[in-house]
Each structure stands twice: as structure tokens, then as C-alpha cells.
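Novice: please work out how this folds:
(2 chains)
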There are 2 protein chains.
Amino acid sequence: MAGQNRIRNAQLRSKIMTADQAAALIPKGCNVGMSGFTGAGYPKAVPMALADRMNAASAAGHKFKISVWTGASTAPELDGALAKVDGMELRLPYQSDPTCRKRINAGEMEYLDIHLSHVGQFVWGGFLGKLDVAIIEVVGIREDGSLIPSSSVGNNKTWLDCADKIIIEVNHWQNEALEGMHDVYYGTQLPPKRKPIPIISVSDRIGETSLRCDPAKVIAIVETNAPDRNSPFSPPDDTSRGIAENIVEFFGHEVKKGRLPKELLPIQSGVGNVANAVMEQLQSAPYDNLMAYTEVLQDGMFNLLRSGKMSFASATALSLSPNAAEEFNRDVRLYHDRMVFRPQEISNHPEVIRRLGLIAMNGLIEADIYGNVNSTHIRGTSIMNGIGGSGDFARNAWLSIFMTPSSAKNGAVSCIVPMATHVDHTEHDVQVIVTEQGLADLRGLSPKKRARVIIDNCAHPIFKPALSEYLERAMKYSHGQHTPHILDEAFTFLPEWQADRAAQEAWKEDSVVQNDAWK
Amino acid sequence: MAGQNRIRNAQLRSKIMTADQAAALIPKGCNVGMSGFTGAGYPKAVPMALADRMNAASAAGHKFKISVWTGASTAPELDGALAKVDGMELRLPYQSDPTCRKRINAGEMEYLDIHLSHVGQFVWGGFLGKLDVAIIEVVGIREDGSLIPSSSVGNNKTWLDCADKIIIEVNHWQNEALEGMHDVYYGTQLPPKRKPIPIISVSDRIGETSLRCDPAKVIAIVETNAPDRNSPFSPPDDTSRGIAENIVEFFGHEVKKGRLPKELLPIQSGVGNVANAVMEQLQSAPYDNLMAYTEVLQDGMFNLLRSGKMSFASATALSLSPNAAEEFNRDVRLYHDRMVFRPQEISNHPEVIRRLGLIAMNGLIEADIYGNVNSTHIRGTSIMNGIGGSGDFARNAWLSIFMTPSSAKNGAVSCIVPMATHVDHTEHDVQVIVTEQGLADLRGLSPKKRARVIIDNCAHPIFKPALSEYLERAMKYSHGQHTPHILDEAFTFLPEWQADRAAQEAWKEDSVVQNDAWK
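Specialist: Residues are numbered from 1 along each chain as shown, chains lettered A, B, ... in the order given. Okay, the predicted model is just below:
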């Protein structure tokens, strides 16, 4: 490792130590803000060293837990390692780790599921308590002590500003040429001192290319050389291609009606296979100069940038497959004027999202016939991942689209249900629902009309009769006919309707994982 | 009536006619945008004349219906009259009229319940179809043909800009001295052309004092002399005073902790007795130079302005009791530099709400133990009023407070329930719940901790044991322990727990009106 090259501030070079030494500086019971967003830019050594220390403490009969705040999801080396040793008292604002999820749903660890745009102001406002330590992965340290962010920005600015102590991981695996691609805005304030966020166009730069860092707060620097989580990219299957086709056809319809400009509007897209399939579909669609204002840049969007179909993308994290990452690293200079990475308080800021007029596309676990969307809970009780940024985008977008396969668990479970068992996006915030079966444009429709179009256009044919029967029964027996429901049956009608015992079991299984995690 | 004085544009004076003549110009089946927001500034003659025409058509065996779009709620002369003759095909975005509500819940009329900040952009975007006619109440018409708004601005700008034809009601009852108190912003755009809304402080003026109006579109002018709905102000009862005391005590706590500045932050407040009680409580609280950025200026807030405790209020409507209205009319000049009325797309704009850092206080129908709030539906099926602006404010505020008596129907029904039967504000958007029993600060709490504090602090003592038992049972039997629930019992546990038969019936009665309509 060539510390001299990456750590250009002489004073800070004296703080270099091992991950174990750094982990030893973290007090038990403290709040730790870590970098990391969708498996990108998270610290890779210190959390594992800390997990070892926790394990040793546990073996010696002591409890050693911390609270972990991040940008969004991380990886096995962070959430996985700490969850395995039961080292997290509390986790916020988003996770997608299997061990972590298991502990949360077993009631063994606390989890705060927060809009990603709210985290910064909650911490600044003192709503979540004091941040003790920040652990931030960077590409390098400049002469002036400022930090060059790596593959995600997330909440790093907030953590560095608010924490008492800072531990820096300098990751030599991350490309040094990332320097200059970030835009860290230092104009945010607490009310009543807030000013407009001056982004008018997706590509506007309003901040600095590095993170300010008070050298007096730095207690350790650890050098690493480890890749991001980067999972392989799976090509779209028939279902996700079907969803993507329906969305792109809808765009064509909206452009024809004059409700979308011919280069569309800036795109926000969740994470996962369906999102990638939509991007692939746009590759051959008749739209040029596409723009994106989103959280995560995945393979699908990267391909649009590479081919020139997309002229600019703003995100807070870069989450590529190993193949795409290799290509990106080779040609990184090409992308310096086509991409920018911002703090999540800006990538997800309601003001900017509303102003830019985004087309928001997010996944879900289940949608009900009236258009309420559950993005977070299996059967209303077990957390899957979290709401992430979907609420920031859906509420403030120009067009709010939710997309899902019509069924999960190999067809045993309908993703369209009579009544959502948990609501993350209310009927007021869901404009379009799309499955591989078709698309329901809910704009301007009252609840019963929404129910008809969702069942007709989006439900899987196997579940259509049952959903229709529920609606008919509700329209017959519900006292209130604005949103007809039979509360006694709302959660049981669909599973009981199924003849197949295995399907009933699959439905009732609380811990079932219905879909891949798009956010 | 002195048409010459109020209608200063000579060309437009030629369009003066009776309400019946004007109503005859409205084609059946069309979309009509009317002024009106919380019983203020709605047209008072033409809708009634139109209802007569509909009645006559009905007697002759014809159907005559229109779709009615407004700012928010209106009054018996508009919603009441049209609902009585079954003259509305569809209503949006908010209503609070008993006849209207009855028709909606009987399935006889369509209702779109929309965030008030979204209406303007939905219409501009063509999401709701073409607006055919606008019927707008004004104080007068200027020489240049522009319109002086009356006691509400609502969506009037959008209706005037988008409608094919315009009918104006000049109401001589409205005070001419209102002229100059409005601020109509003409800088909004469709994406991708949007710019920042340049409001930095509550009192900033960014627009014009009158509404632009194309004289070529004006097909009728009707003169009226009729008061706004203005309901009498009822002094706070013990329950609402209890809620208010808990909120003001909480403000003190937050100021002490440094989480609120000593003059607080701009206040948004829903409508109704509890809101008025909070304002009354602030009268004697140790805060000066209070500000408000809200939808409706009621008696409570007016009294704060009058006494000088509040230095400035921005709203979209003025809804005073007859006594307060008389006083306001007498001293109106005094308030020209303490108040401004804006279009609801600005009073409810997410960008401005977030920037100003509001303290949002809204009512609810029921809150569940995990902090999900139902603002709209009785027992999940019957609409009460609508979400109004509560979503705009709660999501984007600095502090999002929901307030309710702990029980309704003379104590027979708990307003804290195991699971909300409809969700308008998700767990992600609710920071504080307060009843006359106490206050639950949910910030930083995971779901089970929220449940504990909501039950302990907010529930009525009569319902505490049942709610605790549900939580305990759920923590024992729910497979998922992130948000423990027993879905089969979630909607029935509390009513069945009640020994009293009358209480059970009250609970089960779908059409029960639980609380007064705060929004």
C-alpha cells in the first residue's frame, strides 16, 4: 500500500494504524455513523475488527454493542459481521442484510426505518442523540486534510460534521480517478436559516469535490484494499422484461398526450432486476438525452450513459457488477462530465425532486386494490429492508410509478392484495402500478375505479377471480362505499381462497421473502 | 349593489347578469373549478342557481351532473346545494359537507382525495382532464381586468389560467380593504422549467396582489352580497385545553434542549377546536414574535396576531367566527403588514414547508400503536373529509405533530387503536402524537418502543389495558417481531374487549363521526 500517495496530508499520516487498533478506540454503547450506500463505499476493515472485539467480549461474558447509522445498505463485512456477533443495539436508516433482518424480526435488535432524506436533518436537529464516532471510507486524503469520497457519498458529510471522533478507511481498491466526480453541498442549514438548494438542472454542480474534515477529530486512519459488494448483474427475465415493456409503452403514450416532454423527465429508479430491465428497455426506445436524478447508479443506467442515450446522471452511490465496475474503472475519465455523486440529503431532497419533476420508479412488496403500497413489511410484521428513498421520490415526483411482478414465491403469492398489511405509500402518493400483466394508471380515479383497473390490468390471472370476488363482496357488504372493505376478511380472503395447501402455507409464512430488494 | 365601484373594468361590466343566467351557461357533464377554501371565498349564488337547474332537469327526467374541483371545503350553498340534487359526478380535492359525504359513502358520487399541494400540478399536467369552467368569487375587478381575491385564494389562479370559460362572482359582503393582502405567485412552471420558489421567510412577498384574468374568457359576472360560512367560535373545552397544554409544555422542553429556537419555528395548524385551543395556550406562553405558515387563519391565530404575540401569518384562507370577522373587517388595515394570503400551491408547497422548517400540527381520526395515522376514513371504508394539506405539512415539516382527544363518541371509542384501518400518514411521517392524556415523542424510537409510549402516554385509561394486552399478545404470537401484530385480531380486538354493548355498537358503526373536522 502506498500511503504516501493516497494520504497527502502529512499530519494525518501519523494516524495510520491497523483495523484492530482503530476498532479498539470505539467505546461500547456509542453511536457510530458509517459510510456506505447500497453496498458501495462502506468501511471494510474496522467493522470486522470491531466484530472480533465484540465476539471476544461476549466470550468473556461481557456485552459490547453499538448503534450503527449509515447511508443505506452495506455488505456482509459491515452489517453481516456486526449482526452475526449481535453487536448492534440499533440500526438506521436502511438495511438489506439477511442476518441483520433476522435479528430485527426476532426482536433482538432495534431498527429505525427512516426516509433517507430525513436522516441528515434528524441528526443535525438532535432528534437521534449524539453521534460519537464516524467511520468513513475514502479514496484518499488531500493535502488540506479534506477527504476524497469513494463510491458513495450517503450521509458522510453529516457524520464527519457531527461526530466527536473520526476513523478513516483509505481504500486502495477504489479508483483514484473518482476524485472530482463528487459534489458535496455545504449550504444546508437548520431552520430558520435555510436557503433554496440551487439545483435547477440535474447536472448543476453546487458544492465541493471533497468532504471537509477537522483533522483534530481524526483518531485513526486504516488502509484497505478491498472491493465493494458488487453483485453480478443478472440479465432481465421474462417477468421483468414484461414490466419494463409496459413502462416504456406508457412513456410513449404520455409523450403522445403531451404529458411528458419527448426526452422524458429525469428518471429515478430503484435498485434491482426490474429497474435494470427498464433501463435496458430504454436503450432501444426512441428517447435521447435522457437524464437521471437518483440514488444508485446500477449497470442498466451505466449502459445508457455509455451508449450516449443518457446524457447525465446524478446519484449518491455507484453500485455496479464486477464486469461493469472493471469497465468503469478503465474509462472513468470519460464519465467525469456525465455523472455526479451527491450527499443523500441532496439526491433525495424533496425540494429538488419536486423542482426537477422526476419520473420515480420504485418496487414494492404488495399493493392493495385501492393503490396503497407496502414496501417494507412481510405480512405486516417482519421487515424486509426498509422504505429507503422511495417515499422521498414517490411523494415529490412528477410521476410516481410502482412496479412489481404480479406474483411472488413461484406464483403462490399475489402481490396485489385486498388490503395492504402495512402502508408505506398511501393512496395519495401512488399514480401508476405496473406488473408484467399490464399497467394501471390511477390518476384521476376514485377508489372503486382504481380497484377495478388494478385488478383488471395488474393482477395475475390466477388471483383475478378472488380479487374481483372480494371487491364485489365489499361493494355489497361494506357499510362505507367510498373504499369498500370487509375488515374481517381483508387479510384472509385471498389466502383462504386458494385451494392449494402449499400456497396457503407460503402466504401465511411471515418470514417469506417475496421479491428481490429493489431499494 | 354598486357594480361601478367594484367592477372597475368597463368592458367586463357588460357581462353582468343574474345567477340564473350565468348558471344557464354551464354545460352538463363539464369540469368546473370553483373558488373556496375552508368555508371562505366560495361562490355563493351560481352554484345554487345551478342546483335549481339540475333539479328542474331531474324533474323532467334528465340527468344533469358536473364535476366540481375546489381549493378545499366550501359550504351548504355550494357542496350542500349540489349534493342535495345529486348534481356532482365527481368531487375533488377535499370536502367536509354532510350531504356530500353521505353521497360519497353511499357510492353515489366519486371523490378524489388529493394532497392539496398536488392539485395545481395535476391540472396543469393534464392528469385530471380539461377544466371547462371556472367560477370564482372576488372582492372586485380592477381597471386592468385583474381580479381582487376575497377571503381565500385556494386554486383560483390555476382555475383562471386553465379553464376555457370564467364566471366571476363579485361579493359585496367581502371587505374591499382585502385588496393588497394577497400574494399570487406567477413563477410556477411545469418541469423541466421549474425554478426555486423564492420564499425565504414567512413574510416574503413574491407575487402580485391580484389574479390575472383573460377578459375574453369571462362569460358572466354575478354580483352577490352574502357572508362566508363563518361558524361561531366555541371556547376550548377541557379536552382540547389538555391537548394544548401538553403541546405547549413540549415546546418548552424542546426550546430548553436547543431543538427549537426561542421564538419557536413557523407554525402550521389544522382547523377546529383543538387548533384554536393550542393558539389560545400560546397567548400566555413565553414566546414572542411567533410566525405562522399555514392554510387557514382561524380565530385562535387571529387573536395572536391582534395581541402582537404573533408577528406574521401566511395562509391561503381566512376562516373567522362572525365576531372575529366583524373585528377583522373593522380593523383590516391594521393587518395588511401582518398577514398574506397565497395560492395553496404555495401555502402547501413541499419546498417552502421544508425550507421554513415548520411545526406542523394536524388532527386525526385514529392513530395506531405504531404511529400510523388515519386522517380520512371511519373504520377504513367511509370518508370523513379528506387528507387536505396534512400530508404536505407532516412529511416536510421540521416537527410533525398529530393531536387528538384520546377517545371519541363520549368515551365509547378509542382514538388509539391496534392497527389503523386506513393509513394517510405512515410511521415514517409521524413524530409526535398528543392527546389530553399526554404526549408521545416518537423520534428515534423503533416500533415496539413507540407502541409502549403511545399506549402509556396517549391512550385513555379505559382502553389502556386492552391496548397493552394486544401488544403483549402480539409480542407473544406474531411471527415478525419488528412490528408485532395479530392480523386476525388487529381490527376486532379493541371493540370485542369492551364489555359495554353500546360501546361495541358505537365502535362498529361505520358512519360514526368520531371527531370534529380539523382539516
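Novice: CA only for contacts and neighbour counts going forward, please
Specialist: Fine.
Novice: so which bits of the stretch 401-519 of chain A are right by chain B?
Specialist: The stretch 401-519 of chain A has residues A:423-428, A:443-447, A:478-485, A:487-488, A:491-492, A:510-511 near chain B, with proximity defined as Cα under 8 Å from any Cα of the partner chain.
Novice: give me that answer again for 7 Å
Specialist: Residues of the stretch 401-519 of chain A lying close to chain B by Cα under 7 Å from any Cα of the partner chain are A:423-424, A:426, A:428, A:443-446, A:479-485, A:487, A:491, A:510-511.
Novice: the residue in the stretch 401-519 of chain A that chain B sits nearest to in helix, strand or coil?
Specialist: Nearest to chain B, among the residues of the stretch 401-519 of chain A, is A:G480, at 4.2 Å (Cα to the nearest Cα). Following DSSP: H, G, I helix; E, B strand; the rest coil, A:G480 is assigned to coil.
Novice: so what does the spatially closest residue to it that is not a sequence neighbour have for phi and psi?
Specialist: Among residues not flanking A:G480 along the chain, B:S382 sits closest, at 4.2 Å (Cα to Cα, 6 or more residues apart in numbering or on different chains). When read as degrees, to the nearest 10, the backbone of B:S382 gives phi -100, psi 130.
Novice: ok, B:S382 touching A:Q481?
Specialist: Yes. Contact status for B:S382 versus A:Q481: in contact at 6.4 Å, counting by Cα atoms under 7 Å.
Novice: residues touching the closest residue to A:T74 other than its chain neighbours, list them.
Specialist: Spatial nearest neighbour of A:T74, excluding adjacent residues (Cα to Cα, 6+ apart): A:G39 at 4.3 Å. Counting by Cα atoms under 7 Å, 6 or more residues apart in numbering or on different chains, A:G39 makes contact with A:S73, A:T74, A:A75, A:D228, A:R229, A:N230, A:S319.
Novice: tell me how many other residues crowd the fourth one.
Specialist: Right, the one you point to is A:D228. Counted with other Cα atoms under 10 Å in any protein chain shown, residues neighbouring A:D228 total 27.
Novice: who does the closest residue in space to it that isn't next to it in sequence bridge with?
Specialist: Leaving aside its sequence neighbours, A:D228 sits nearest to A:A40 (Cα to Cα, 6+ apart; 5.4 Å). Per DSSP bridges, the residues bridged to A:A40 are A:F37.
Novice: more crowded one of B:S382 and A:Q481?
Specialist: Between B:S382 and A:Q481, counted using other Cα under 10 Å, the more crowded position is B:S382 (27 against 24).
Novice: which residues sit against the strand ranked longest in chain A?
Specialist: For chain A, the strand with the greatest residue count under DSSP state E is strand A:133-141. By Cα under 7 Å, 6+ apart, the residues outside strand A:133-141 that reach it are A:6-9, A:31-35, A:41-43, A:147-150, A:156, A:159-160, A:163-172, A:174-176.
Novice: and it, how far out from the chain's middle?
Specialist: Relative to its chain's centre, strand A:133-141 lies at 21 Å (Cα atoms, centre = their mean, to the nearest Å).
Novice: what residues does whichever helix or strand comes after that strand touch?
Specialist: Note on strand A:133-141: by DSSP states H and E, the next helix or strand toward the C-terminus is strand A:147-149. The contact list for strand A:147-149 (Cα under 7 Å, 6+ apart) reads A:V138, A:V139, A:G140, A:I141, A:E179, A:S210, A:L211, A:R212, A:C213.
Novice: hang on, the last one packs against A:G145?
Specialist: Yes. With the criterion set as Cα under 7 Å, A:C213 and A:G145 qualify as a contacting pair; they are 6.5 Å apart.
Novice: so these two - more neighbours on which side?
Specialist: A:G145 (20 against 17).
Novice: if we ignore the residues flanking it in sequence, what's nearest the more buried one?
Specialist: Using Cα to Cα, 6+ apart and skipping the chain neighbours, the partner closest in space to A:G145 is A:N9 (5.6 Å).
Novice: list the residues that contact the one you found.
Specialist: By Cα under 7 Å, 6+ apart, the residues touching A:N9 are A:I141, A:R142, A:E143, A:D144, A:G145.
Novice: among these, who's most crowded?
Specialist: Of all those, the most densely surrounded is A:I141 (26 neighbours; neighbours counted as other Cα under 10 Å).
Novice: circling back to that earlier point, number of residues surrounding the residue of the stretch 401-519 of chain A closest to chain B?
Specialist: 26.
Novice: likewise A:D237?
Specialist: Count around A:D237 with other Cα under 10 Å applied: 11.
Novice: and what of A:S117?
Specialist: Using other Cα under 10 Å, A:S117 is surrounded by 23 other residues.
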